[in-house]
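1. one predicted model, sequence on top.
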Amino acid sequence: MAKIFQVSARAGMTRVVEPIARALLRSGVTPNAVTVAGTVGVLVGALGFGARGHLVAGALIVTVFALTDLLDGTMARMSGGSTKFGAFLDSSMDRVADSAVFGAVAYWLATQGNHSGVAAALVCLAAGSLVSYVKARAEGLGMTCNVGIAERTERLLIVGVGGILTGLHVDPALEIALWLLAAVSIFTVGQRMAHVYRQAQQLQPDGQA
């Protein structure tokens, strides 16, 4: 099934990012430095703005710095490929950033007395972590798991749009976005588990249950 954020859109973003990546590499900036800087920016947007109710500013800051996930990957490719530590750092920083985003959203909704929204944010946090874990665990076992309708980019876009609309006084938008995201994240977990199951069945020696 196609991802929400289509491959053509990703390719278009890559063409925009490549000149920036080249300039940073020429300046001596490393992909790992961009990874850390992007995470710090997301933390500022989520905790410094979003958690305090400045939803439009928070969503825009998070979106801008979340795009460094594409930038550091492009830089790594241009400089000869990602190192093992670089891949580890990138994945770890993604989990830190995602936790900050959904933690900030849950905190702000709690201050507004929106218990349903808090529940949705917590489901998104748990399901999003599981989406990433299932992929990492499958790849650790020698299988592929690059499937699903809601990967990290899609998840951040959905919550970002909801936050901006709520910040513009479309009050139920964030809660609706969170429940939508919770549903597609859980569905993505199911997609990935089914994909891994089929691979495991094909790799299983004949005669074993």
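-> It's in.

2. for the residue nearest the centre of the chain, give its distance to residue 73.
-> Among the residues of the chain, the one closest to the centroid is residue 152, at 2.4 Å (C-alpha atoms, centre = their mean). Applying C-beta to C-beta, to the nearest Å, the value for residue 152 to residue 73 is 12 Å. C-betas here are computed from N, CA, C, even on glycine.

3. same question, residue 168
-> Distance of residue 168 to residue 73, computed by C-beta to C-beta: 32 Å.

4. what comes up buried for the longest helix along the chain?
-> Criterion DSSP state H: the longest helix present in the chain is helix 173-203. Neighbour counts over helix 173-203 (16 or more other C-beta atoms under 10 Å) mark 173-182, 184-189, 191-192, 195-196, 199 as buried.

5. swap in stretch 68-87?
-> For stretch 68-87, using 16+ other C-beta under 10 Å, the buried residues are 68, 69, 70, 71, 72, 73, 74, 75, 76, 82, 86.

6. now swap in stretch 157-164 and tell me
-> 157, 158, 159, 160, 162, 163, 164.

7. need the mean per-residue confidence for the helix or strand harbouring the third one.
-> Using DSSP states H and E, the element containing residue 159 is helix 152-167. When pLDDT is averaged along helix 152-167, the result is 89.

8. tell me what it is packed against?
-> Judged by 3 or more C-beta pairs under 8 Å, 6 or more residues apart in numbering; DSSP states H and E, the packing partners of helix 152-167 are helix 55-66, helix 84-111, helix 115-140, helix 173-203.

9. one more time with 6 Å
-> The helices and strands touching helix 152-167, judged by 3 or more C-beta pairs under 6 Å, 6 or more residues apart in numbering; DSSP states H and E, are helix 55-66, helix 173-203.

10. looking at the protein, which helix or strand is least sure?
-> Every helix and strand of the chain was ranked by mean pLDDT, DSSP states H and E. The lowest is helix 7-26, at a mean of 77.

11. what sits up against whatever helix or strand comes next after that one?
-> Downstream of helix 7-26, the first helix or strand assigned by DSSP H and E is helix 31-43. If you take C-beta atoms under 6 Å, 6 or more residues apart in numbering as the criterion, helix 31-43 is touched by 62, 65, 68, 71-72, 75-76, 86, 89-90, 93, 96-97, 100.

12. where does the prediction get shaky in the protein?
-> Residue ranges of the chain with pLDDT under 70: 1-14, 205-209.

13. the closest residue to the residue nearest to the centre of the chain other than its chain neighbours and residue 135, how far apart?
-> Sequence neighbours aside, residue 94 is the residue nearest to residue 152 in space, at 6.2 Å (criterion: C-beta to C-beta, 6 or more residues apart in numbering). In this view, residue 94 and residue 135 are 11 Å apart by C-beta to C-beta.

14. the two: who's more crowded?
-> Each of residue 94 and residue 135 has its neighbours counted (other C-beta atoms under 10 Å); residue 135 has more, 23 against 20.
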